[in-house]
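Engineer: pasting the structure only:
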């Protein structure tokens, strides 16, 4: 397995004539941390959405773990995620209900087993019904 976690080559995203992301390239190696900095409108959110597959790039390549994202999206999404300070989960749902909702949102297979693994991994047993 390669030490390259993420490789982005010539990524561009346009909306009509507006260029939101303009031919960016970078890579992220195992153990590295990457930050995207810039003013409002610089393309940070668009880049992240493209890296997560919620937006389709106009051009360029995205590779995770040496695999093309566009050809291996489902398998890759099992190993990547994004947490935003701007994302609010519904407050009326319990932790268990939120995990269930997210499992459907991401089309997680073997939901029960995956949720049990997450609950154990993060010691959520006492919080499931809160």
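Structural biologist: Great, that's in hand. Quick caveat, the model's predicted, so the values are computed rather than measured.
Engineer: from here on, contacts and neighbour counts on C-alpha atoms
Structural biologist: Will do.
Engineer: what about the protein, any weak spots by pLDDT?
Structural biologist: Scanning the chain for pLDDT under 70 picks out the ranges 1, 85-90.
Engineer: where do the helices sit along it?
Structural biologist: For the chain, the helices defined by DSSP state H occupy 44-52, 73-77, 95-105, 111-121.
Engineer: List the buried residues for the shortest one?
Structural biologist: Spelled out, it's helix 73-77. Using 16 or more other CA atoms under 10 Å as the test for burial, helix 73-77 gives residue 76.
Engineer: Name the residues that touch it?
Structural biologist: If you take CA atoms under 8 Å, 6 or more residues apart in numbering as the criterion, helix 73-77 is touched by 52, 53, 64, 69.
Engineer: what do you get if the cut-off is 10 Å, keeping everything else the same?
Structural biologist: 52, 53, 63, 64, 65, 67, 68, 69, 70, 106, 107, 108 (CA atoms under 10 Å, 6 or more residues apart in numbering).
Engineer: Quick check: residue 53 touching residue 69?
Structural biologist: Yes - contact status for residue 53 versus residue 69: in contact at 8.2 Å, counting by CA atoms under 10 Å.
Engineer: Overlap of the contact sets of those two?
Structural biologist: Listed contacts common to residue 53 and residue 69 are 62, 77; contacts here mean CA under 10 Å, 6+ apart.
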